[in-house]
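A.B. asks: kindly generate the corresponding structure for this input.
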Amino acid sequence: MEEIIMLTPQDVRSVQFEKNLRGYRTEDVDHFLDKVEQQLEQDAEQMEALRKQVADLTAENETLRRNMQSYEADGDMLKSALINAQRMGENVIREANQKAEDILHRANLRGDDIIRDANELLQKASDRADEIISEANDKKLAEEREYDRVRLEVTRFKSDVLNLYRTHVESLSRLPEFQQKEETPAQDAEAELPETEDADTTEEAAPAADAAETEDAAPEKAGEDFWEKDESQLKLDPPPADPNAVFQGVSFSE
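C.D. replies: Numbers count the residues shown, from 1 in each chain. Here you go, the predicted model:
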């Protein structure tokens, strides 16, 4: 069997071919040999890298093998430690779950208490609001009744006062008018000054008549002002027992 010879880039670079007139073109052969040389160089570099990786892996494998032997020697210890760790983890998880359930249960109870207290507070506030509204309505109704009573009383009092006022005005209008004449010292003076006396009498009668007209007009004006008053302008006092007490301190001219 023919031995396979591994070519190197140097072998390709140093090869020599005999020239023949009917052979291949020298340029093509050289170009192909250059490509082969480059490929061989790349293959050689990759081969060297692979050898290095194999050496590294071999050394690492040896280290792992030694570690594996050490781990196998401590296998029982690791198994025991793992079992203990698992048991501890299970205990921790179980205790954590129990605590979480307790906390959740207390939180639910506390939440129920808060909700119950809030509902009670809300109910009390609602009852108090209803009570305030009821008291306000009762107070409003009482005030409306009091207002109606006072208004009716004012209306009655106003009617009584007006009737009494009309009665007095009518009584005043029926009073006779008196004119006071001045006495003369002597009859001779009357005889000597007849025209002057008549003039004086006329002048005295005129102011008296004017005073009477003013006196008659004053009650009418007062009556008009009183009639024009609004109920809110009247004094809300109970009517006097004696109607004449309204005109106490008022003097009427005779």
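A.B. asks: got the phi and psi for Asp74?
C.D. replies: Note on Asp74: its backbone torsions stand at phi -100, psi 20 [degrees, to the nearest 10].
A.B. asks: gap between it and Asn67?
C.D. replies: 10 Å (C-beta to C-beta, to the nearest Å). The way it works is simple: take the backbone N, C-alpha and C, and place the C-beta from them, glycine included.
A.B. asks: and the host helix or strand of Met68, what does it pack onto?
C.D. replies: Per DSSP states H and E, Met68 falls inside helix 26-73. Counting contacts by 3 or more C-beta pairs under 8 Å, 6 or more residues apart in numbering; DSSP states H and E, helix 26-73 packs against helix 9-14.
A.B. asks: give me the mean pLDDT for the helix it packs on.
C.D. replies: Across helix 9-14, pLDDT averages out at 69.
A.B. asks: same deal with stretch 141-155?
C.D. replies: 92.
A.B. asks: can you show me the CA trace of that stretch as PDB?
C.D. replies: This file holds the C-alpha atoms of stretch 141-155, laid out as PDB (Å, rounded to 0.1, in the frame of the first residue of the first chain):
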ATOM      1  CA  LEU A 141     -92.500  74.200  60.900                       C
ATOM      2  CA  ALA A 142     -92.600  75.800  64.300                       C
ATOM      3  CA  GLU A 143     -91.200  79.000  63.000                       C
ATOM      4  CA  GLU A 144     -93.700  79.000  60.100                       C
ATOM      5  CA  ARG A 145     -96.500  78.500  62.500                       C
ATOM      6  CA  GLU A 146     -95.200  81.300  64.800                       C
ATOM      7  CA  TYR A 147     -94.800  83.500  61.700                       C
ATOM      8  CA  ASP A 148     -98.400  82.800  60.700                       C
ATOM      9  CA  ARG A 149     -99.600  83.400  64.300                       C
ATOM     10  CA  VAL A 150     -97.700  86.700  64.600                       C
ATOM     11  CA  ARG A 151     -98.800  87.800  61.200                       C
ATOM     12  CA  LEU A 152    -102.500  87.100  62.100                       C
ATOM     13  CA  GLU A 153    -102.000  88.900  65.400                       C
ATOM     14  CA  VAL A 154    -100.400  91.900  63.600                       C
ATOM     15  CA  THR A 155    -103.300  91.900  61.100                       C
END
